[in-house]
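Chemist: predicted structure and sequence below. I'll ask about it afterward.
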Amino acid sequence: MTSEDVARVQDAAPLPMPWLLIWATCLATFTITASGSTRTPFLMDMSRDLDVSLAMVANLFGITSIAWGLASFFAGIGSDVMGRRPFLVGAPLALTGAMVGLAEGGSFLSVAAWATLGGGFCGLFTGVSMAEIAGKVSDRQRGRALGWVMAGQSMTLLVGVPLASWIGASIGWRGITYCVAAMAFLSALAMFSTTTAMPQQVRHSAVSRHPLLRAALTTSVLRLLGSVIAERICFGLAAVYYATFMLQTYSLSLEVLAIPLMIFAGGNVLGTIVGGQLGDRLRNRALTFAVALVASGGVAILLFSWPAGAPVSTALGFGYMFANAMARPSLMAALSDVPSEVRGTVMGLNSTAASAGWLAAAALGGWILSTIGFSGFGPLAGALAILGAVLALLGRS
């Protein structure tokens with residue numbers, strides 16, 4: 001029976017949702033995202049502590065993204081041959097050590113080295129976890145299943161970053177990094193208890209007929225990957241710089257900053273849940289993604305170009321994250337709709353493309369911030385949203 005036959009059978013009789021695996025993956029995704037995002041409220045503190053400019057500290061996200069993207073590429077291919085479990089368990093375990101090393105870093109170069117290693121370990125997990133979840137459910141369940149997994153990322157923004165901001169006022173960015181290390185270790189245990197090794201006969205079959213990389217890179221997949229890059233730049237501009245925007249624009253304290261950050265992330269959580277439902281209920285996933293992404297671009301223009309007060313910027317931040325998050329489950333479900341033999345490769349490339357978007361967001365954001373200011377973020381996000389929507393619609397087949 002081919003993978004297409006299996007997919008048809010699954011759609012006729014949907015499999016039970018693997019909730020234990022989904023929750024364990026959600027926890028690990030929360031931790032993977034927290035390894036970088038919980039540093040965002042402390043960019044200025046890290047700048048002073050490490051005696052470097054704010055732009056240098058912000059560029060750590062770019063360095064991390066390079067390692068993340070490269071690791072995702074090789075992990076996706078490797079998981080199609082070796083199975084998913086070695087990556088799903090080993091990556092968060094290795095991240096534990098990297099976070100401890102980062103917390104102990106005494107210089108910017110040391111911190112950058114450990115952040116790069118941590119990014120690589122994160123990349124070993126993300127695409128593989130998406131492929132694992134997509135393979136355990138039918139096509140018409142993938143929007144919801146992947147949406148719940150991505151909710152782990154959203155919960156990092158809703159709970160992790162505001163909590164880090166609040167606790168970090170007492171223990172600093174190094175103490176928060178130790179907390180992330182502990183969460184990574186718990187994530188490794190959770191993944192170990194909810195995953196199984198690839199059966200021996202399946203492993204041999206995968207090795208004998210593993211397709212070339214170009215078999216996964218169809219024109220439609222390439223266009224969707226282009227949409228991933230555009231969407232991640234839009235998301236990254238806000239995720240990396242929103243806390244700094246609120247701090248510098250309204251002179252908020254870290255304790256007060258936790259409130260708009262929590263509301264900001266609440267939009268991400270709600271948007272991910274709604275987007276997962278829409279991705280399964282609406283047949284045209286590309287159109288769903290395109291409409292939501294363009295809407296987020298419009299809100300971004302208002303958010304960064306109209307500083308009408310902290311309450312208004314908080315409401316716009318919520319709206320921006322809601323629209324952006326609502327778009328992503330449909331895009332991920334569309335990307336995962338490929339033969340199982342190359343799904344790990346495609347989802348690994350998705351993480352590579354996402355990392356490229358994060359890299360571009362950190363680099364472009366730092367340059368725009370130093371030359372134009374936050375007012376330049378909105379037009380860039382709006383233009384990229386339109387580009388991502390067009391690419392998705394062209395790649396809908």
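Modeler: Thanks, I have it.
Chemist: which SSE is the closest residue to A55 other than its chain neighbours in?
Modeler: The shortest distance from A55 to any non-neighbouring residue, by Cβ to Cβ, 6 or more residues apart in numbering, is to G366 (4.6 Å). Just so you know, the C-beta spots here come from the backbone N, C-alpha and C atoms, and that holds for glycine as well. Assigned by DSSP states H and E, G366 belongs to helix 340-371.
Chemist: which secondary structure elements does that helix contact?
Modeler: Contacts defined by 3 or more Cβ pairs under 8 Å, 6 or more residues apart in numbering; DSSP states H and E place helix 340-371 against helix 3-12, helix 54-82, helix 108-135, helix 213-216, helix 219-250, helix 310-336, helix 377-394.
Chemist: hang on, the earlier thing: isn't the residue nearest to A55 right next to L60, touching?
Modeler: No - using Cβ atoms under 8 Å, G366 makes no contact with L60, being 10.8 Å away.
Chemist: ok, longest helix in this structure?
Modeler: The longest helix of the chain (DSSP state H) is helix 161-194.
Chemist: give the buried residues for it.
Modeler: Judged by neighbour count using 16 or more other Cβ atoms under 10 Å, the buried positions of helix 161-194 are 161-169, 173-174, 176-177, 179-181, 183-185, 187-188, 190-191, 194.
Chemist: before we move on, the earlier item: any idea which of the helices and strands packed on helix 340-371 gets closest to A361?
Modeler: Nearest to A361, of all these, is helix 219-250, at 2.8 Å by Cβ to Cβ.
Chemist: could you give the mean pLDDT of that closest one?
Modeler: The average pLDDT for helix 219-250 rounds to 86.
Chemist: and the next element down the chain from it?
Modeler: Assigned by DSSP H and E, the successor of helix 219-250 is helix 254-281.
Chemist: centre of the chain versus that next one, how much separation?
Modeler: A distance of 14 Å separates the C-alpha centroid of helix 254-281 from that of its chain, computed with Cα atoms, centre = their mean, to the nearest Å.
Chemist: immediately after that helix, which helix or strand?
Modeler: Of the helices and strands lying after helix 254-281 in sequence (DSSP H and E), the nearest is helix 285-305.
Chemist: got the angle for that next one vs helix 310-336?
Modeler: 160 degrees (axes from the mean of the first three to the mean of the last three Cα atoms, to 10 degrees).
Chemist: so which bits of helix 285-305 are buried?
Modeler: Going by 16+ other Cβ under 10 Å, helix 285-305 has these buried residues: 285-286, 288-304.
Chemist: over to stretch 372-390?
Modeler: Buried-residue list, stretch 372-390, by 16+ other Cβ under 10 Å: 374, 376-382, 384-385, 387-390.
Chemist: which of the helices and strands packed on helix 340-371 sits closest to R343?
Modeler: So among those, helix 108-135 is nearest, using Cβ to Cβ, at 4.7 Å.
Chemist: wait, A188 sits on G97?
Modeler: No - applying Cβ under 8 Å as the test, A188 and G97 come out as separate, 10.9 Å apart.
Chemist: by mean pLDDT, flag the weakest helix or strand of the chain.
Modeler: Lowest by mean pLDDT, DSSP states H and E among the helices and strands of the chain is helix 200-208, with a mean of 44.
Chemist: re the thing from before, can you flag the weakest of the helices and strands packed on helix 340-371 by average pLDDT?
Modeler: helix 3-12 (a mean of 48).
Chemist: following that helix, which helix or strand shows up next?
Modeler: helix 19-37.
Chemist: same for that following helix, what does it pack against?
Modeler: Packing partners of helix 19-37 (3+ Cβ pairs under 8 Å, 6+ apart): helix 85-104, helix 108-135, helix 142-155, helix 161-194.
Chemist: I'd like these as TSV, with distance to Y320 appended.
Modeler: Shown next, in TSV, are the helices and strands packed on helix 19-37 (distance: least, Cβ to Cβ, whole Å):
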stretch	distance to Y320
helix 85-104	29
helix 108-135	23
helix 142-155	13
helix 161-194	15
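Chemist: between the ones you listed, which gets nearest to L50?
Modeler: helix 108-135 (4.4 Å).
Chemist: list the buried ones in the closest one?
Modeler: Buried residues in helix 108-135 (16+ other Cβ under 10 Å): 108, 111-135.
Chemist: swap in stretch 321-332?
Modeler: 321-332.
Chemist: repeat for stretch 240-251
Modeler: For stretch 240-251, burial by neighbour count (16+ other Cβ under 10 Å) applies to 240-247, 250.
Chemist: closest to A71 out of the helices and strands packed on helix 19-37?
Modeler: Using Cβ to Cβ and comparing the helices and strands packed on helix 19-37, the one that lies nearest A71 is helix 108-135, at 3.1 Å.
Chemist: what's the angle from the closest one to helix 161-194?
Modeler: Going by the same axes, to 10 degrees, helix 108-135 makes 50 degrees with helix 161-194.
Chemist: what is the burial count for L252?
Modeler: 17 (other Cβ atoms under 10 Å).
Chemist: need the CA coordinates for stretch 386-397. PDB is fine.
Modeler: What follows is stretch 386-397, C-alpha atoms only, in PDB (Å, rounded to 0.1, in the frame of the first residue of the first chain):
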ATOM      1  CA  ILE A 386       1.500  40.700   0.300                       C
ATOM      2  CA  LEU A 387       4.500  38.800  -1.200                       C
ATOM      3  CA  GLY A 388       3.900  35.800   1.100                       C
ATOM      4  CA  ALA A 389       0.200  35.700   0.200                       C
ATOM      5  CA  VAL A 390       0.900  35.800  -3.600                       C
ATOM      6  CA  LEU A 391       3.500  33.000  -3.300                       C
ATOM      7  CA  ALA A 392       1.100  30.900  -1.300                       C
ATOM      8  CA  LEU A 393      -1.700  31.300  -3.800                       C
ATOM      9  CA  LEU A 394       0.600  30.500  -6.700                       C
ATOM     10  CA  GLY A 395       1.800  27.400  -4.900                       C
ATOM     11  CA  ARG A 396      -1.600  26.200  -3.800                       C
ATOM     12  CA  SER A 397      -1.500  23.100  -6.100                       C
END
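Chemist: just to revisit the earlier point, closest to A258 out of the buried residues of stretch 240-251?
Modeler: A258 has its nearest neighbour among the buried residues of stretch 240-251 in A243, at 9.8 Å by Cβ to Cβ.
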